[in-house]
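[1] Attaching a predicted model along with its sequence, questions to come.
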Amino acid sequence: MKHLKRKKRMIQATRDQNNEYTTNYIYADMYDVMTSIAAKPLVKITSQSTNKSKVFRSGLLTTTDKERYMKMLWNIARSSSDEVLGSGIVFLGSTDYPYGFYDVVIYQNNDNTNLDPANAIKVIYKTIMNLKAVNNDAITYTEYTETISSPTYITNTI
């Protein structure tokens, strides 16, 4: 079924500091523009704050309700050492990849080993993502004392 007007959904993603991995899903109306679902799609995210990008393959692709959307599993790791881009495990929530908005481009992939968008078949979906912190304040408050008159101040650092 061809869609007359494709609906774009903003991706809402979270990273929970209490969990080693935070499960996230991408829901995208893209089945009718794909020529094959044999290979898992590539996802490129680019931070709007730092302009730095990461590319990963979705972990699991579900096509149960493919006329409405395809569901792609991915996880956000709490530690950079746990990142496995080929399995959809991505480390975010750092200085280079901060909480906030990301541009997202999804590519139809040519095989299940490729992580290079230049080798993908084509762009099949574009949207934005908002990454939010859970159980982890993005602002840290530090208390200090002024040495001249000794009052205590509270400041914030990002």
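    Thanks, I have it.
[2] Provide a list of residues in contact with P117.
    With contacts defined as C-beta atoms under 8 Å, 6 or more residues apart in numbering, the neighbours of P117 are L42, K44, V55, V105, Y107. Heads up, the C-betas are built off the backbone N, CA and C, glycines and all.
[3] Go through those and give me the one with the most neighbours.
    Within the contacts of P117, most neighbours by other C-beta atoms under 10 Å means L42, with 25 neighbours.
[4] quick one: buried residues of the longest strand along the chain?
    With DSSP state E applied, the strand covering the greatest number of residues in the chain is identified as strand 122-134. With burial defined by 16 or more other C-beta atoms under 10 Å, the residues of strand 122-134 counted as buried are I124, Y125, M129, L131.
[5] neighbours around the residue nearest to the second one when sequence neighbours are not counted, how many?
    Same thing as Y125. Taking C-beta to C-beta, 6 or more residues apart in numbering, and ignoring the residues beside it in sequence, Y125 has I106 as its nearest neighbour in space, at 4.0 Å. Applying other C-beta under 10 Å, we find 25 residues neighbouring I106.
[6] and I106, what are its bridge partners?
    As for beta bridges, I106 partners with V43, Y125 under DSSP bridges.
[7] residues contacting it?
    Residues near I106 by C-beta under 8 Å, 6+ apart: I26, A28, M30, P41, L42, V43, K44, V123, I124, Y125, K126.
[8] do that again at 7 Å, thanks
    The contact partners of I106, taken as C-beta atoms under 7 Å, 6 or more residues apart in numbering, are A28, M30, P41, V43, I124, Y125.
[9] Please report the number of neighbouring residues for the first one.
    Burial of A28, expressed as a neighbour count using other C-beta under 10 Å, amounts to 25.
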